[in-house]
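S.K.: Sequence and computational prediction follow.
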Protein chains: 2
Amino acid sequence: MKITKLEKGISLKRPLEGGNEEQIKVVRQVLSDVKVQGDAALRTYTEMWDGYVPKSLRVSEEEIQEAVSELDPQLYKDLAEAAENIRFYHEQQIRSGYRLELGEGSWLGQRVTALDAVGLYVPGGTAAYPSSVLMNVIPAQVAGVKRIVITSPAGQKGKLPAGVLVAAHLLGIDEIYKVGGAQAIAALAYGTETISPVDKITGPGNIYVALAKREVFGEVAIDMIAGPSEIAVLADDTAYPDEIAADLLSQAEHDPLACAILVTTSEQLAKKVAEEVEKQLLNLPRQEVARASIEKFGVIYVAETLADAVEAINSLAPEHLEIVTENAEALAEQIRHAGGIFIGRYSSEPVGDYFAGTNHVLPTNSTARFASGLNVDDFVKKSSIVYYSKKTWSDNASKIARLARMEGLEGHARAVESRGWEKE
Amino acid sequence: MKITKLEKGISLKRPLEGGNEEQIKVVRQVLSDVKVQGDAALRTYTEMWDGYVPKSLRVSEEEIQEAVSELDPQLYKDLAEAAENIRFYHEQQIRSGYRLELGEGSWLGQRVTALDAVGLYVPGGTAAYPSSVLMNVIPAQVAGVKRIVITSPAGQKGKLPAGVLVAAHLLGIDEIYKVGGAQAIAALAYGTETISPVDKITGPGNIYVALAKREVFGEVAIDMIAGPSEIAVLADDTAYPDEIAADLLSQAEHDPLACAILVTTSEQLAKKVAEEVEKQLLNLPRQEVARASIEKFGVIYVAETLADAVEAINSLAPEHLEIVTENAEALAEQIRHAGGIFIGRYSSEPVGDYFAGTNHVLPTNSTARFASGLNVDDFVKKSSIVYYSKKTWSDNASKIARLARMEGLEGHARAVESRGWEKE
């Protein structure tokens, strides 16, 4: 792992995959076909791209029960405990609206209501993680969303991963479809004979899924378009090199494009971590993936002061940040931009991926500057309320009419002025 | 105005303008030019599309002072009072994070922090409203955003509307640029020599602006892509027809594509409102615009019951909803989807456009199903925090490691297991 002196303005930002014109064209065709032809288009594209003809687009109760019976009961218990922790953390995010009395009988309000229906896209292959089902579904449930749908490509065998079905079952979700790709996004956005449309689509996918989400954005809500995962570790000489190395590799094993960075004030730690990374790579099952990530994107920065290190972290705005230093908690107060912060030696980042209760869907690619991890707010919307009494109206009508006329909107002014005493 | 019987499944949803391939190509070229050439590209495109060569891209202090001195002092006072009301309403939306004690010294947290920098795009021409400056800037200020930038096309004369400059001045905003179109969005997203990049872009614009926002989405945050404005009025026979007609026209005068709908249980009211609309149209300054809107999109629905009417409103999910009925406040409780709700005779919708304090940037085109009006939450982001003590770690490490191995992520399991008693 490369060791280098910390300079100002380091960045882990990588270009977003925007898709080429051919890909956009394909996606627009799929969206339009599903919109017009419904289920028939879903079947056609599923056969074309997944290589099998679905008898039923929806996963049956038997398939779910089979998956549950296959799973080690201990794992089921672990998943259930994780779900409980996630629910507990997210329940603190429930909000009510407010009502502001203005006097004279008038008031303003804000009302918070849940979305009616949400769809979770689960990508195919090895990225179909049960933990992701928990992380996407639970905040929606806590928000009060009544209908939650999962859709995922079933591959050539026409089967979804057991872990995904079990996680869904554990949460009481049984509306699951074997549809993937842009066609799944189209079905969730527009609806088909079998799949009713939803109001919001969450979950990552390949470039076609990402482009499709971008296209339907506005028609329905979508979550952020996620990039490869990242970790930044901020450590001083109190940290154990083998632990830091293991945490860096836990990110690196996700994806050759994943990014693992250490920022440290200790030159000695830097060297030892670099050695440990090499050592641990040797017998890591996903060695090839992790090595590609570490070689291309892994860097150890040696900072002169902790203040410099903190500034560097804020300019990185990493998805995950571990702080393994003396007074780590105090140092965390200085972090302005990070998706998830893990404080102290025992808060290894995978603790949050699976179990602690915080959400593992976090903003990547420096978007922690403006975005948040998935949370209950993502599944509610707010309405404003105005109640003006006759007195408040008559006190303010002339001001409002003047402002409207200033903008050339005479009809607005007249609407406000149309209310009159004389009619009563 | 057309009167029709209410049937199930009415909709005011209109197709989103997605842009054609040529427009997307132009926008991508502009974005890439500004990214590479910076200010030079801004000057080139400003000359090409606005028809003038800017001496300085930034509005000078003198230009702002000139605008302020030109404005009627009474209007300045009205704007200031509106700003105060808007601030008061939005201050209720400020949130703090939370800290959850888990026992054994462990805790989880959520921290809420403001975005560093935000850019407001103000469209050119008649749509450059001072009230929009208040509505976009104040929530960002309340959230604690330190840097707020305004950018707007200055047209052939190279001048921004006085009202926009005054509204900005009133709020203490002096970083204002005379740049419009896709090039303005590019400058805000990527930065140039003169314009530092921001973290979020809000404000409406033409198709090129909308496409540019869509393209930079992910690189920076953007607000919703707004459609034409809408109002739905829910009224019974207690409503005054001239007032309802005036309110419908206040929406219709915005845009030939605007949509004004009345849903009523009173056939008599329906007829009288239709007559009043015709009558009031005759001497409305923006008669042409309003008439086009009313003819194309204006409908009066007569419902058999109030319950049917409420169901219709919920399926419309209108941007603005007025409820002018007996027990209007109780009826409002049954509304699940609406951007802004205006209750009772004296809460004419323009009250909220300018003055009451609620935000007038509201979700259009049925997106109130999943989206909210602009609010303080739009300008903050949340970080999650995990602090695990040694005891909590040792109690749970094996569970976390099992879950990681279930997903085939051995590196995650080893990271958690790497912490050990023996090293201390």
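M.R.: Arrived safely. Numbers count the residues shown, from 1 in each chain, chains lettered A, B, ... in the order given.
S.K.: How about A:Phe379: what's its closest non-neighbour residue?
M.R.: Of all residues not flanking A:Phe379 in the chain, A:Ala143 sits nearest, at 3.5 Å (CB to CB, 6 or more residues apart in numbering or on different chains). Heads up, the C-betas are built off the backbone N, CA and C, glycines and all.
S.K.: Hmm, that neighbour is touching A:Val380, no?
M.R.: Yes: between A:Ala143 and A:Val380 there is a contact under CB atoms under 8 Å: 5.1 Å.
S.K.: got any residues that touch both of those two?
M.R.: A:Ala114, A:Leu115 (CB atoms under 8 Å, 6 or more residues apart in numbering or on different chains).
S.K.: What distance do you get for the residue nearest to A:Phe379 to B:Ile86?
M.R.: A:Ala143 is 27 Å from B:Ile86, where distance means CB to CB, to the nearest Å.
S.K.: quick one: which of those two has more around it?
M.R.: The residue with more neighbours, out of A:Ala143 and B:Ile86, is B:Ile86; 26 against 23, by other CB atoms under 10 Å in any protein chain shown.
S.K.: Assign the more buried one to helix, strand or coil.
M.R.: With DSSP: H, G, I helix; E, B strand; the rest coil as the basis, B:Ile86 sits in helix.
S.K.: correct me, but it touches B:Ala140?
M.R.: No: applying CB under 8 Å, one finds B:Ile86 not in contact with B:Ala140, separated by 11.7 Å.
S.K.: got the buried residues for stretch A:320-334?
M.R.: A:His320, A:Leu321, A:Glu322, A:Ile323, A:Val324, A:Thr325, A:Ala328, A:Leu331, A:Ala332 (16 or more other CB atoms under 10 Å in any protein chain shown).
S.K.: From those residues, which land in strands?
M.R.: Among the buried residues of stretch A:320-334, the members falling in strands are A:His320, A:Leu321, A:Glu322, A:Ile323, A:Val324 (criterion: DSSP state E).
S.K.: For chain B, state which of those residues is nearest.
M.R.: Taking CB to the nearest CB as the measure, chain B lies nearest A:Leu321 of those, at 8.5 Å.
S.K.: so how many other residues sit close to the closest residue to the closest one other than its chain neighbours?
M.R.: Nearest non-adjacent residue to A:Leu321, counting by CB to CB, 6+ apart: A:Ala338, 4.2 Å away. By the measure other CB under 10 Å, the count of residues near A:Ala338 is 30.
S.K.: With the one 3 residues further on instead?
M.R.: Applying the criterion other CB under 10 Å, we find 26 residues in the vicinity of A:Ile341.
S.K.: and the gap between it and A:Pro139?
M.R.: 19 Å.
S.K.: Then A:Leu248?
M.R.: Remark: distance between A:Leu248 and A:Pro139 (CB to CB) = 28 Å.
S.K.: mind checking the SS state of A:Gly158?
M.R.: Going by three-state DSSP: A:Gly158 is coil.
S.K.: Could you report the neighbour count for it?
M.R.: Count around A:Gly158 with other CB under 10 Å applied: 16.
S.K.: need the contact list for it.
M.R.: With contact taken as CB under 8 Å, 6+ apart, A:Gly158 is in contact with A:Asp50, A:Tyr52, A:Pro54, A:Lys178.
S.K.: and the spatially most central residue of chain A, what element?
M.R.: Central residue of chain A (CA atoms, centre = their mean): A:Val361, 3.9 Å from the mean position. Following DSSP states H and E, one finds A:Val361 outside all helices and strands.
S.K.: wait, what's in contact with the residue nearest to A:Leu321?
M.R.: Going by CB under 8 Å, 6+ apart, A:Ala338 touches A:Ala232, A:Ile313, A:Ala317, A:Pro318, A:Glu319, A:His320, A:Leu321, A:Ala368, B:Ser383.
S.K.: Quick check: closest non-adjacent residue to the fourth one.
M.R.: For A:Pro318, the nearest residue in space outside its immediate sequence neighbours is A:Ala232; the separation is 3.8 Å by CB to CB, 6+ apart.
S.K.: Confirm A:Glu417 sits in a helix?
M.R.: Yes: when classified by three-state DSSP, A:Glu417 is found to be part of a helix.
S.K.: correct me, but it touches A:Ala404?
M.R.: No: A:Glu417 is beyond contact range of A:Ala404, at 9.5 Å (criterion: CB under 8 Å).
S.K.: Which of the two has more residues huddled nearby?
M.R.: Higher neighbour count among A:Glu417 and A:Ala404: A:Ala404, with 24 against 17, using other CB under 10 Å.
S.K.: for that one, what are its contacts?
M.R.: Applying CB under 8 Å, 6+ apart, the residues contacting A:Ala404 are A:Glu410, A:His412, A:Ala413, A:Val416, B:Pro350, B:Asp353, B:Tyr354.
S.K.: Verify the stated contact: A:Ala184 with A:Tyr190.
M.R.: No: look at A:Ala184 against A:Tyr190 with CB under 8 Å: they stay out of range, at 11.4 Å.
S.K.: Point out where the stretch 101-250 of chain A drops to low pLDDT.
M.R.: A:127 (pLDDT under 70).
S.K.: Then the stretch 301-424 of chain A?
M.R.: The stretch 301-424 of chain A contains residues with pLDDT under 70 at A:421-424.
S.K.: ok, the residue in the stretch 51-200 of chain A that chain B sits nearest to - how many residues close by?
M.R.: Residue nearest to chain B within the stretch 51-200 of chain A: A:Asp199 (4.1 Å; CB to the nearest CB). Residues lying near A:Asp199 (other CB under 10 Å) number 26.
S.K.: hang on, isn't it packed against A:Thr113?
M.R.: No: the pair A:Asp199 and A:Thr113 fails to qualify as a contact (CB under 8 Å) at a distance of 11.3 Å.
S.K.: Could you list the domains of chain A?
M.R.: Here the domain parsing of chain A from automatic domain parsing is A:2-14+A:227-356, A:21-222, A:389-423.
S.K.: Name the stretch among the ones you listed that sits most buried.
M.R.: Among those, domain A:2-14+A:227-356 has the highest mean neighbour count (mean count of other CB atoms under 10 Å in any protein chain shown), at a mean of 21.
S.K.: Okay, strands next: where are they in the stretch 51-200 of chain A?
M.R.: Per DSSP state E, counting those that start in this stretch, the stretch 51-200 of chain A carries strands over the ranges A:98-103, A:106-114, A:117-121, A:147-151, A:176-177, A:200-202.
S.K.: which residues touch the shortest one?
M.R.: For strand A:176-177, the external contacting residues (CB under 8 Å, 6+ apart) are A:57-59, A:64, A:149-152, A:160, A:165, A:168, A:184, A:187, A:194-195.
S.K.: Repeat that for the second one.
M.R.: Contacts with strand A:106-114, where a contact means CB under 8 Å, 6+ apart, come from A:95-102, A:143-146, A:379-389, A:391-392, B:89, B:92-93, B:336-337, B:341, B:356-358, B:375.
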